[in-house]
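**Q** Next one to model:
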Amino acid sequence: MRGRRGSAAMLAAGILAGAAACGSGSTVAFQPAGSLSRAPVQAPLPGQAGPRLGGFRFPSDVSIDFTTPTPADPARRAVIDGYQNYVLALWAAVLSHGKNTAYQRQATGSALGFVRREVARYGATGTTVKGTIAYSETRIAGIYFGTGADVLACVDASAFRQVNTQTGATAGPALPGRLTRHLENVAEGKRRDGTWFVSRLAVYPASSPQGAICR
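**A** Numbering: from 1, shown residues only. Purely as a prediction, here's the structure:
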């Protein structure tokens, strides 16, 4: 995917007004009470995840599911953790209307811009998101010199909705229609402490040639 960086950036600039969506697989779900497990049951988050979210606990009507098994290799697992922590920080920021600032450590560059746009879309206190968003087919496209990596994931936000908190009425999809299902391609960087952060984000609707694998 690195050869497509130029076109990816142009495409991302046009569609990054929304958040994420594609997938299937065996379940690894982020449960709203603060858990990450391979099945929809309560289990403690890995030690670092809680602090990175600043203690934020997801509402009971929100589920962020990672349906791809975690890599057994510690180095590759750390890369996937960096991506998943970015996703969790993104939605924690949206649900808290920007009060949870964990995303400031998890994202830079276009990825940070993406989070800020989503927070702005849900800036009104009477608007929130509910439902399930699933991240599947997550894989590492490459690790470069041990300090950089590319990660791909399908996102399915078809069951993720924008909701009016005062009336409970659904106001529409949580993400723009074209992004209900899409492919995410992120570039990551490695910190000196061994943790990873997302530095670039490009999204490809499932209806596009690049995102077709997420249909």
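**Q** Please make it C-alpha for all contacts and neighbour counts, starting now.
**A** Noted.
**Q** which regions of the chain sit below the pLDDT cut-off?
**A** Per-residue confidence of the chain (counting by pLDDT under 70) places the weak regions at 1-54.
**Q** That one: strands as residue ranges?
**A** If you assign secondary structure with DSSP state E, the strands in the chain sit at 28-31, 35-37, 62-66, 127-144, 148-164, 170-173, 181-190, 196-205.
**Q** Now tabulate these in a markdown table and tack on mean neighbour count.
**A** Putting these into a markdown table (neighbours: other CA atoms under 10 Å) gives the following:
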| stretch | mean neighbour count |
| --- | --- |
| strand 28-31 | 25 |
| strand 35-37 | 20 |
| strand 62-66 | 23 |
| strand 127-144 | 21 |
| strand 148-164 | 23 |
| strand 170-173 | 15 |
| strand 181-190 | 25 |
| strand 196-205 | 25 |
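**Q** In CSV, list the ones you listed along with distance to Gly113.
**A** What follows is the strands of the chain, written out as CSV (distance: least, CA to CA, whole Å):
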stretch, distance to Gly113
strand 28-31, 24
strand 35-37, 26
strand 62-66, 21
strand 127-144, 19
strand 148-164, 18
strand 170-173, 21
strand 181-190, 13
strand 196-205, 9
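**Q** Of the ones you listed, which is nearest Gly55?
**A** Closest to Gly55 of the strands of the chain, according to CA to CA: strand 35-37, at 12.2 Å.
**Q** returning to that earlier point: and of the strands of the chain, who's closest to Arg116?
**A** Relative to Arg116, the nearest member of these by CA to CA is strand 196-205, separated by 12.8 Å.
**Q** Tell me which other helices or strands the closest one touches.
**A** For strand 196-205, the elements it packs on are helix 5-15, helix 74-95, helix 103-106, helix 109-121, strand 181-190, judged by 3 or more CA pairs under 8 Å, 6 or more residues apart in numbering; DSSP states H and E.
**Q** how much space is there between the residue most central in space within the chain and Ala169?
**A** Within the chain, one residue has its C-alpha closest to the average C-alpha position: by CA atoms, centre = their mean, that is Val87, at 2.9 Å. Look at Val87 and Ala169: by CA to CA, to the nearest Å, they are 25 Å apart.
**Q** winner for burial among the helices and strands packed on strand 196-205?
**A** Burial among the helices and strands packed on strand 196-205, expressed as mean neighbours by mean count of other CA atoms under 10 Å, is greatest for strand 181-190, which shows a mean of 25.
**Q** what's the angle between that one and strand 148-164?
**A** Using axes from the mean of the first three to the mean of the last three CA atoms, to 10 degrees, the inter-axis angle of strand 181-190 relative to strand 148-164 is 130 degrees.
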